[in-house]
Every structure is written in C-alpha cells, then in structure tokens.
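Trainee: any chance you can model this:
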Amino acid sequence: MAKCESCGTLMFGGKSWNGMRFCSEACMQMAVTASYAEDIPEDIVMQHAMTLRESPCPVCGRAGPNDFHSAWSVFSFFIMTMHSKKEIFGCQSCGMKHKLKYFFFTGICGWWGIPWGFLMTPFFEFANLLGLFRRVPIGPSEELKQFALTQISEELRRRVEEDEDEVAAME
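Mentor: Numbers count the residues shown, from 1 in each chain. As a prediction, this is how the structure comes out:
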C-alpha cells in the first residue's frame, strides 16, 4: 500500500508528480509549491515576512507588529475528548484575546471527559497560561517566515503555470 509523500496517508491510486505519489490534488499542489521554495533567497523571504509583520492587523485593522498566536483547546464530554491547536495571525492585542478565549473555553469544557479530559486539561491550561505571557518577538518568528515562504512559493508557482498556459496557447 502506498503512502502520500505530503501527508503520510495510506492510499490506493492517487496522483503522481515527479516520481512521487500523493493522496489528492491538494497534497500534490503542496509538494509542487514546496519545490519552488527551494529557489527563493532568504533575504526575499525575510523582506516579505517583515512586510506581513508591519502591515495592519488582519483581525482588527490596527497597526502591528503582527505574528502568529497559538492556543490549545480541549473539549470533553463523558468518554469523548478532543483537543486541537488554534492559531491566528494578528497583533498582540488580538493574540491575547484569542489566547484568553481558549484558556477559558478549555477551563470550562475540558474537564468533563473520563479519563482524558481530566488528565489533559491541566497541561493544556498551563500551555495556554504560558502563551498569555509570551511577547511578540523582535523580528519575524519562524512560523511567520515559513508562512511568507509559502506565500511567495504559491505566487511563483501560479505565475509559472500562467506562463506555461500562455506558451501552450501560442503553439
């Protein structure tokens, strides 16, 4: 049984590109985009990351600096417990509101599952509490640089595909 090169899902069939197999068109496009990322210089990525960082907050519209803010969520009910990482890109104020929202959500909804809700909730609440005191870094975070690299790669891939379509139309 084959395994998707992008997400690791076991599959039958799927899509192929460049000698690799993927479970879906979306996974294949992620790999194509990643192949463009190898050729993008670090200074261009850093410049785009700084532009994203200093732009107005996409959540509230106020001035940055912007970055990614993460919070953990736990929801439990009897024998079912779900947890996930929630991220937003925004200013410090919006990030704080996001973290507080999931801190209180987990504090209220995380405890009610046996045994995992009761065991997981204190750890995730502690992680959320630490996140509340995390300040925006002086420069772009690694997450922001990776996001900038992905945006540039997607734009580059889109332009290359448009150029290929134009050349094919001329022939």
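
Trainee: residue boundaries of the helices in this protein?
Mentor: 25-37, 42-54, 92-109, 116-132, 142-170 (DSSP state H).

Trainee: quick one: mean pLDDT for the last one?
Mentor: This points to helix 142-170. Confidence for helix 142-170, expressed as mean pLDDT, is 85.

Trainee: what residue ranges in this structure are flagged as low confidence?
Mentor: Within the chain, the ranges that satisfy pLDDT under 70 run 1, 136.

Trainee: same thing but 80
Mentor: Low-confidence regions of the chain, defined here as pLDDT under 80, cover residues 1-2, 5-8, 10-13, 32, 36, 64, 135-137, 163-171.

Trainee: tell me the phi and psi of the closest residue to A63 other than its chain neighbours?
Mentor: Nearest residue to A63, sequence neighbours excluded (C-beta to C-beta, 6 or more residues apart in numbering): P56, at 6.3 Å. Where C-beta positions appear, they are placed from N, C-alpha and C, glycine not excepted. Here is the backbone geometry of P56 (degrees, to the nearest 10): phi -60, psi 150.

Trainee: pretty sure P56 sits against R62.
Mentor: Yes: because the distance of 6.6 Å satisfies C-beta atoms under 8 Å, P56 is recorded as touching R62.

Trainee: which one of the helices of the chain lies closest to S70?
Mentor: Closest approach to S70 among those (C-beta to C-beta): helix 116-132, 6.4 Å.

Trainee: just want the angle from that closest one to helix 92-109.
Mentor: In terms of direction (axes from the mean of the first three to the mean of the last three C-alpha atoms, to 10 degrees), helix 116-132 departs from helix 92-109 by 160 degrees.

Trainee: render the CA-only coordinates of helix 116-132 in PDB, please.
Mentor: In PDB, the C-alpha atoms belonging to helix 116-132 read as follows (Å, rounded to 0.1, in the frame of the first residue of the first chain):
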ATOM      1  CA  TRP A 116      -8.500  12.000  29.100                       C
ATOM      2  CA  GLY A 117     -10.300  15.300  29.700                       C
ATOM      3  CA  PHE A 118      -9.400  15.300  33.400                       C
ATOM      4  CA  LEU A 119      -5.700  14.400  32.600                       C
ATOM      5  CA  MET A 120      -5.200  16.600  29.500                       C
ATOM      6  CA  THR A 121      -6.900  19.800  30.700                       C
ATOM      7  CA  PRO A 122      -4.300  20.900  33.300                       C
ATOM      8  CA  PHE A 123      -1.400  20.500  30.800                       C
ATOM      9  CA  PHE A 124      -3.200  22.500  28.000                       C
ATOM     10  CA  GLU A 125      -4.300  25.100  30.500                       C
ATOM     11  CA  PHE A 126      -0.700  25.500  31.600                       C
ATOM     12  CA  ALA A 127       0.400  25.800  28.000                       C
ATOM     13  CA  ASN A 128      -2.300  28.500  27.400                       C
ATOM     14  CA  LEU A 129      -1.200  30.300  30.500                       C
ATOM     15  CA  LEU A 130       2.400  30.400  29.400                       C
ATOM     16  CA  GLY A 131       1.200  31.600  26.000                       C
ATOM     17  CA  LEU A 132      -0.600  34.600  27.600                       C
END
